[in-house]
Structure formats: C-alpha cells, structure tokens
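[1] Sequence and predicted structure below; questions after.
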Amino acid sequence: MQRRKPKLAAPTASTSASQLQLFAVVAPGLEEVTAAELKALPGLSAITTTVGGVEFCGDLAALYRANLHLRTASRVLLRLATLRAVHFPELRTQVTQLPWRRFAHGPVRVTLAVTARHCRLYHSGAIAERVLAGMQDAGVVVLEPQADGASDAPELHLVIRGEQDLFTISLDTSGELLHKRGYRSEDTGAPLRETLAAGLCHLAGYCRDAVTPQSLPEPLFDPMCGSGTLVIEAALWAMRRAPGRDRKFAFMRWPDFQAPLWQTTYAQAVAAERPLPPGLFFASDLSPEAIGTARRNAERAGVLAAIHFHCGDVRTATLPPQPSGLLLCNPPYGVRLTDPRLHRLYQALGKLLRGRPQWRLAVFTSARQLAAALPQPLLEIPIRNGGLRTALYLSQTAPLQPARPPELSA
C-alpha cells in the first residue's frame, strides 16, 4: 500500500522568511476586533475571519508579534498539517511525517484537545493515542505526566479538529492563554477576562481618536470597577503597551526559536510605548477591598499613576469633570433579574449621564431586562462569554469607529 503524504500547512524551513499558516483563537463575537488588530501589525497577510477565530499568514516575526501584541485573542495556533485519514494506521503514519524536530529536541510533555465531526475516525481518545504514537515513531520523547522531570519539560499542546475525514493538526504557540498578562494575581470574584475587557474597549470605540503619537484617548470612567480589569486594559491600550510584554510564550522553548529576532520584536514594542498624563482614567467601586485589589493590579500592570481610583457608590457618583468621555462598565446582573436593587443600579448609570450629552455609555451584561433600564436608544452587540449569552449595550451619541493598536514598523 502506498503511503499517503500529509498536506503540510506550514513549511519545514526554520528561517524567518518562511510563511506560516496561523490561527488566532477568539471568543465568538470578537472575531472582527481581532482581525482589526492583526491588520495593524506588519508582515501579516490573508487575514480571514471565521467563527471563533481569525486565520492569517506570516513569518516567524509575525508569529512573535501576534503573541506579543494581540489583546483580544486567547491563543495563537500554528497549522502543522491537514491530513485525510479513514483508518487509524493511516493517521499514525501521516503524523510521523510531520516536522516534529522543529518543536522538540528532547523530552516533552504533550497535551491534546481533539474533536471530530462527520469522520469515520470519531473516537477522540483513539485519535489522540494514534497522534502520540506517530510522534513517538518520529523520535519525539513523550513524557508521562508523573515521570521525573516532566513538570520542567517543554509542553506541546496540540489542537486536532476532524471534519469530513480531514484532520487539521495545530500547535499552540502561546503557552498560557493570552489573557494571562501577568498583572492580575488578585480578583474580586467572577473576574472579567483581560481579552474580553480589551474587546469591549474596542467595540465601544475606545482609542478611536488616539491613532497618532500626538493624540490622546478620551477620558474613561468605570464606576463599578471590581478588580479593575476594564480600566487597566484601556490604560494599557492607550499607553500602547504590548499586553504580552511581561510574560513568556511556548515558542520560546522550540529548538528553532530565534532569540535575536524576538529581541528586535520586543524592543520595537517597548519603543512604541508612551507616557500618559493624569486625568484620563477614573474608576470607583463600593467595596474598599475591591479598590485595594484594583490598585495593586494596576501597579503590577504599570498603569497605577494614570488611573484615579476612589471608593464610592454608583448611585451617588458623578462623572469626571472632563466635557466628554466614555462610561464603560460591567455591572452585576445576577440570577434574580426582578430584584429591584439591580434595576436601581442600572437606572443609576443612566442618571450619571443626564446633562452630559458628550459622554457615551457602554454597559456589558447578560440581562436584557436590566439593560432596558438604561437610557435609550441603545445599540446591542452580542458576545459569547463562555457559555453565557451576553451583549455590550452602547448609547449612540457618537459614531463608532474601529479602534486599533499602534502601527509598528516591519
């Protein structure tokens, strides 16, 4: 029987000129936001949105930039190959032919996420077993989780998606999920992911006027800040600070990791940062403990000096004195939507904007009934947050324009 050769989705050369097929994993509803981020980065091409992510092409520098700069993606995958297989030995043989030496030169831990739809090979556990066997046939030393030294070995996380007997094998390049920026070691319960917070800023039109080095973003106020994620992400964006600046990535442990290329990419990101004057970011919360947590998170993120925190009740709060700005928040919505206290809370947000027509409102919630207490008219943007149907409700007092990260030189 003639062996079927796998269709490679990425070249085997390790030079930075090699074009790689990449995929940014995104929460449903944020695909266009991530696509806009990718279009602002140099060296990327063929940017195409699909449900739950954005496909794009680029070289190693583009892979490094995407991990370093993307604010709204969960992880960046490298497409290794698309294989057609209807028998398990066939799958194992084709997996053996993939360029595993590019990613493992010694013992590694391997984790797999497998799904298969409309495939003759449908058992996810059996598929994972054959993929691991194929890697071992290729000479990869796969450690058992309990083996000595396993916790210190590099991890290869593979994502395998089967559809109509075609299996796309992808390698995670990010490591820890990209929302883990490194600054939020504390939260106040039910935290908003950093990637979603950044996406909400974008969808609310934040930073739309701050795309040149001379311009500044509009003031932003979160009157129910919790652990501070929304205002911190907004400040990081306005400072043009790369969200991945203070963390490590999985690609750094690959044999073909190019340290000089990474150092150049990193230095470009640091050079693009800018200081911010006070008076642009404001945050409050009823809980003194929440304010303490938010301040410590902001300090770890390097933006504490840019944010004015204070403890206060949204029902008695006032907007900052700036003539215009954005009120952006993620208020509680709870299970008991008929609780009058929640309705009063949402009504208080509307009262904050009375007499201040140049201030815009953006509220993220899963409760349409509660959103009805906000000033009308509202634009509703659906977003899937885990398994929960949520939406961002926007006042239409100003035209929305796509916010974007800073342009970087190639």
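    Looks like it arrived, so ask away.
[2] OK, contacts around the residue nearest to residue 366 when sequence neighbours are not counted?
    Distances taken as C-beta to C-beta, 6 or more residues apart in numbering place residue 390 nearest to residue 366, at 4.4 Å, with adjacent residues excluded. All C-beta atoms are positioned from the backbone trio N, CA, C, and that covers glycine. Neighbour list for residue 390: 364-366, 382-384 [criterion: C-beta atoms under 8 Å, 6 or more residues apart in numbering].
[3] Could you break the chain into its assigned domains?
    For the chain, automatic domain parsing gives the domain ranges 7-172, 194-239+274-395.
[4] Any figure for the gap between the residue nearest to residue 366 and residue 48?
    Using C-beta to C-beta, to the nearest Å, residue 390 is found at 25 Å from residue 48.
[5] Equivalent analysis for residue 66, please.
    Distance, residue 66 to residue 48, by C-beta to C-beta: 14 Å.
[6] Those two: which is more packed in?
    Counting neighbours by other C-beta atoms under 10 Å for residue 66 and for residue 48 shows that residue 66 has the greater number, 26 against 12.
[7] any idea how far that one is from residue 199?
    Distance from residue 66 to residue 199, by C-beta to C-beta: 16 Å.
[8] so which of the domains of the chain gets nearest residue 180?
    domain 194-239+274-395 (7.7 Å; C-beta to C-beta).
[9] Tell me how far the closest one lies from the chain's centre.
    19 Å (C-alpha atoms, centre = their mean, to the nearest Å).
[10] So for that domain, first residue to last residue, what's the gap.
    Criterion C-alpha to C-alpha, to the nearest Å; first-to-last residue distance in domain 194-239+274-395 is 23 Å.
[11] ok, residue 304 touching residue 294?
    No. Using C-beta atoms under 8 Å, residue 304 is not in contact with residue 294; the gap is 9.5 Å.
[12] Give me the more crowded residue out of those two.
    Taking other C-beta under 10 Å, residue 304 and residue 294 do not tie; residue 294 has more neighbours (30 against 17).
[13] Quick check: the more buried one touching residue 222?
    No. With contacts counted by C-beta under 8 Å, residue 294 stays clear of residue 222, the gap being 9.2 Å.
[14] what residues do the two have in common as contacts?
    The contact lists of residue 294 and residue 222 share 228, 231, 283, where a contact means C-beta under 8 Å, 6+ apart.
[15] would you list the residues you listed in a markdown table and tack on distance to residue 83?
    Shown next, in a markdown table, are those (distance: C-beta to C-beta, whole Å):
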| residue | distance to residue 83 |
| --- | --- |
| 228 | 45 |
| 231 | 46 |
| 283 | 50 |
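[16] out of those residues, who has the most neighbours?
    Tallying neighbours with other C-beta under 10 Å puts residue 228 at the head of the shared contacts of residue 294 and residue 222, with 34 neighbours.
[17] Next, that residue: phi, psi?
    phi 90, psi 10 (degrees, to the nearest 10).
[18] Surely residue 206 is in contact with residue 233?
    No. With contact defined as C-beta under 8 Å, residue 206 does not reach residue 233; the gap is 9.4 Å.
[19] With neighbour numbers in mind, choose between these two.
    Per other C-beta under 10 Å, whichever of residue 206 and residue 233 has more neighbours is residue 233, with 30 against 25.
[20] that's a helix at the more buried one, yeah?
    Yes. Under DSSP: H, G, I helix; E, B strand; the rest coil, residue 233 falls within a helix.
[21] so how far is residue 24 from the residue nearest to residue 366?
    In terms of C-beta to C-beta, residue 390 sits 21 Å off from residue 24.
[22] Using CSV, lay out the shared contacts of residue 294 and residue 222 together with pLDDT and distance to residue 32.
    CSV is the format used below for these (pLDDT from 0 to 100; distance: C-beta to C-beta, whole Å):
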residue, pLDDT, distance to residue 32
228, 96, 26
231, 97, 24
283, 97, 27
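[23] Quick one: the strands in the stretch 201-350 of the chain, in order.
    220-222, 281-285, 307-311, 325-329 (DSSP state E, counting those that start in this stretch).
[24] Run through who's touching the last one.
    I take that to be strand 325-329. So strand 325-329 is in contact with 200-201, 204-206, 218-225, 230, 234, 319, 349, 352-353, 358-364, going by C-beta under 8 Å, 6+ apart.
[25] What's the ChimeraX line that selects buried ones from those?
    Applying 16 or more other C-beta atoms under 10 Å to the contacts of strand 325-329 leaves a buried subset, and the ChimeraX line that selects it is:
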select :200,201,204,205,206,218,219,220,221,222,223,224,225,230,234,319,349,352,353,359,360,361,362,363,364
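[26] Narrow the contacts of strand 325-329 to those in helices?
    The helices, defined by DSSP state H, take in 200-201, 230, 234, 349, 352 from the contacts of strand 325-329.
[27] in its sheet, what does the longest strand belonging to the chain sit against?
    Assignment by DSSP state E gives strand 73-84 as the longest strand of the chain. Here strand 73-84 has these sheet partners by DSSP bridges: strand 7-8 (antiparallel), strand 20-26 (antiparallel), strand 166-172 (antiparallel).
[28] Can you redo those strands as JSON lines, where the extra columns are distance to residue 150?
    As requested, the strands paired with strand 73-84 are exported to JSON lines (distance: least, C-beta to C-beta, whole Å):
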{"stretch": "strand 7-8", "distance to residue 150": "29"}
{"stretch": "strand 20-26", "distance to residue 150": "26"}
{"stretch": "strand 166-172", "distance to residue 150": "18"}
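[29] if we compare those strands, which one ends up closest to residue 53?
    Counting by C-beta to C-beta, residue 53 lies closest to strand 20-26 out of those; the figure is 5.0 Å.
[30] Where does the prediction get shaky in the protein?
    By pLDDT under 70, the weakly predicted segments of the chain are 1-17, 207-214, 333-339, 396-410.
[31] For residue 84, see how far away residue 120 is.
    Applying C-beta to C-beta to residue 120 and residue 84 gives a distance of 11 Å.
[32] Nothing else from me, thank you.
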